[in-house]
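>>> Next input, structure requested:
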Amino acid sequence: MVLFFGFILTIRRAVHLTTVLAKQITRRFYGRSHRKAYYTGCSSGGKQGLRSITSFPEDFDGMRTSCLSDFPGTLIGAPAYSWNHLNAYTLRVNMYQSDNSLPGYIPPEKVKFMAQQIINACDELDGVKDGVISNPRVCQFRPESLLCKYYPKATAECFTPAQVVNLANIFRDYVETNSTYIFPAFERGSEWLWSVTGRNWTLQPLYYSNLILNISAESRSPHSLNLSTIELADEINPGDIIANDPHLELFFNRGGKVIHYHGWADGLIPSRTSVDYYNRVERTIPSDFSDSYRLFMIPGMGHCKSGPGPWVFNNNSDTFHLDPLADMLKHLVDWVENGNAPEVLLGTKYINDTGPGVEFQRPICPYPGRSDLDWKGRLEGCKHLEMQIDVSQL
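Residues are numbered from 1 along each chain as shown. Presented below is the predicted three-dimensional model:
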């Protein structure tokens, strides 16, 4: 019971208590209170941010994260907010690759071949050939196109019918019995970072066995996961770990701002989880909330960083210092303190991801907008529903 209470304290209140103490230390050291408080975090850090801004909306002014928090400014990236369902999906999708003796098993060299064929099919849908799929939701790549009958006989990486069926299962959203939607699938273009190896991260089986069913992981096959176990996990919600509350009104009403980002090529947390969350907020809050919350889906960005796309936004400590248009945190501060909402972000891809030298840059419009590019990758406009944003001066 003591351990479980500690777990609850850690998950639900850790960021809040740390923030309270940090503000006290700052006041004692500098002799005055802080002026603004900002939060930035990605993945589980994003989840903690979301938990913060819904449970303790007074903590922060702004957030930049893969999840949201209780700062006036919050930067959130690729949030793992639906922890129970994410772990369930990871277990399920790896089930398709768990036995390399089965005819449908897809070996690593074929995954690499498939990834390149998907890029070849969908790269230029945005009008620019750069090895990046700007919007995988419009990529209509069919697994059947990998069948060996469509390739020369010397092509060892082509797919058998059983492998095509397996790939179609991997690309399918996780829907349980009675058509219960559990989790979205990985997007086309995320294959380079796929966690679909057949070998689960140790955490997934331990989470369901130890924290949900209170049994040893060795006594239960990960493949036995079913809807009733997932529903039990949602009911128990160990440590209050779920952070999917779309009610951000208290945070918004006190002037809080959120920049939320997620890479379209994330192979660890499917990108559409962030779109799903945004849509839930949209259905929950009746008024236009674009003056408080904006989501940016980053083409070719992996999990929080890296990837073939323009993923550098000064959102990681090990990246370069760029101009203000390319800095998410500066956008957030400008929004909170000067009222200038970010209309466009500028992503950068460095040569070899380390520099020196920039390989290319791409403008990113807020979701659900679409970045219209010319053939050189320059922004011609952001189409946001019926509104055309003038970016000619950016």
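
>>> Please make it C-alpha for all contacts and neighbour counts, starting now.
Fine.

>>> How is residue 167 assigned, secondary-structure-wise?
helix (DSSP: H, G, I helix; E, B strand; the rest coil).

>>> Tell me which stretches of the stretch 251-394 of the chain form strands.
257-263, 293-298, 345-350, 358-364, 370-373, 379-384, 387-389 (DSSP state E, counting those that start in this stretch).

>>> actually the stretch 101-250 of the chain, sorry about that
With DSSP E, counting those that start in this stretch as the criterion, the stretch 101-250 of the chain has strands spanning 174-176, 180-183.

>>> Just send those back as JSON lines, with distance to residue 353 and mean pLDDT too.
What follows is these, written out as JSON lines (distance: least, CA to CA, whole Å; pLDDT from 0 to 100):
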{"stretch": "strand 174-176", "distance to residue 353": "33", "mean pLDDT": "95"}
{"stretch": "strand 180-183", "distance to residue 353": "31", "mean pLDDT": "95"}
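
>>> Could you dump the ones you listed into JSON lines with mean neighbour count and distance to residue 47 added?
Formatted as JSON lines, those follow (neighbours: other CA atoms under 10 Å; distance: least, CA to CA, whole Å):
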{"stretch": "strand 174-176", "mean neighbour count": "16", "distance to residue 47": "21"}
{"stretch": "strand 180-183", "mean neighbour count": "16", "distance to residue 47": "16"}
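
>>> Doesn't residue 74 belong to a strand?
Yes. When three-state DSSP is applied, residue 74 is found to be in a strand.

>>> Tabulate the strands of the stretch 101-250 of the chain in JSON lines, adding columns for distance to residue 368.
Below are these laid out as JSON lines (distance: least, CA to CA, whole Å):
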{"stretch": "strand 174-176", "distance to residue 368": "24"}
{"stretch": "strand 180-183", "distance to residue 368": "20"}
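
>>> how many neighbours does residue 294 have?
20 (other CA atoms under 10 Å).

>>> That one: what's it in contact with?
258, 259, 260, 366, 367 (CA atoms under 8 Å, 6 or more residues apart in numbering).

>>> Would you confirm that residue 366 contacts residue 343?
Yes. If you go by CA atoms under 8 Å, residue 366 and residue 343 touch, sitting 6.9 Å apart.

>>> Let me see the contact set for the residue nearest to residue 341 when sequence neighbours are not counted.
Distance criterion CA to CA, 6 or more residues apart in numbering; nearest residue to residue 341, sequence neighbours excluded, is residue 335 at 4.9 Å. Residues near residue 335 by CA under 8 Å, 6+ apart: 257, 341, 342.

>>> separation between residue 335 and residue 290?
12 Å (CA to CA, to the nearest Å).

>>> Same check on residue 41?
Distance from residue 41 to residue 290, by CA to CA: 21 Å.

>>> give me the low-pLDDT residue ranges for this protein?
1-12, 57-72, 198-205, 217-220, 222-223, 314-325, 371-394 (pLDDT under 70).

>>> just the helices in it please.
Counting by DSSP state H, the chain has helices at residues 2-30, 44-55, 83-95, 108-122, 161-170, 203-206, 227-236, 249-253, 272-284, 328-338.

>>> Single out the most deeply packed of these.
helix 44-55 (a mean of 28; mean count of other CA atoms under 10 Å).

>>> now for that helix, which elements pack on it?
helix 2-30, strand 39-42, strand 61-65, strand 72-77, helix 249-253 (3 or more CA pairs under 8 Å, 6 or more residues apart in numbering; DSSP states H and E).

>>> at 10 Å instead, please
Contacts defined by 3 or more CA pairs under 10 Å, 6 or more residues apart in numbering; DSSP states H and E place helix 44-55 against helix 2-30, strand 39-42, strand 61-65, strand 72-77, helix 249-253, strand 257-263.

>>> follow-up on the earlier one: now the contacts of residue 294 as a markdown table including neighbour count and distance to residue 15?
Below are the contacts of residue 294 laid out as a markdown table (neighbours: other CA atoms under 10 Å; distance: CA to CA, whole Å):
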| residue | neighbour count | distance to residue 15 |
| --- | --- | --- |
| 258 | 34 | 17 |
| 259 | 30 | 18 |
| 260 | 30 | 18 |
| 366 | 24 | 28 |
| 367 | 20 | 28 |
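
>>> want to try a markdown table for these, with distance to residue 178 as columns?
Listed next are the contacts of residue 294 as a markdown table, based on distance: CA to CA, whole Å:
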| residue | distance to residue 178 |
| --- | --- |
| 258 | 36 |
| 259 | 36 |
| 260 | 32 |
| 366 | 35 |
| 367 | 31 |
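
>>> now, among those residues, which is nearest to residue 125?
residue 367 (17.9 Å; CA to CA).

>>> my guess is that closest one contacts residue 275, does it?
Yes. Assessed by CA atoms under 10 Å, residue 367 is found in contact with residue 275 at 8.3 Å.

>>> Among the strands of the stretch 101-250 of the chain, which comes closest to residue 361?
So among these, strand 180-183 is nearest, using CA to CA, at 31.7 Å.

>>> Pull up the pairing partners for that closest one, direction included.
strand 174-176 (antiparallel) (DSSP bridges).

>>> what's in contact with the partner strand?
If you take CA atoms under 10 Å, 6 or more residues apart in numbering as the criterion, strand 174-176 is touched by 85, 88-90, 92-93, 180-185, 226-228, 230.

>>> Check the contacts of residue 294 against residue 119 and report the nearest one.
Nearest to residue 119 among the contacts of residue 294, with distances taken as CA to CA, is residue 367, at 22.3 Å.

>>> I'm done for today, thanks for sticking with me.
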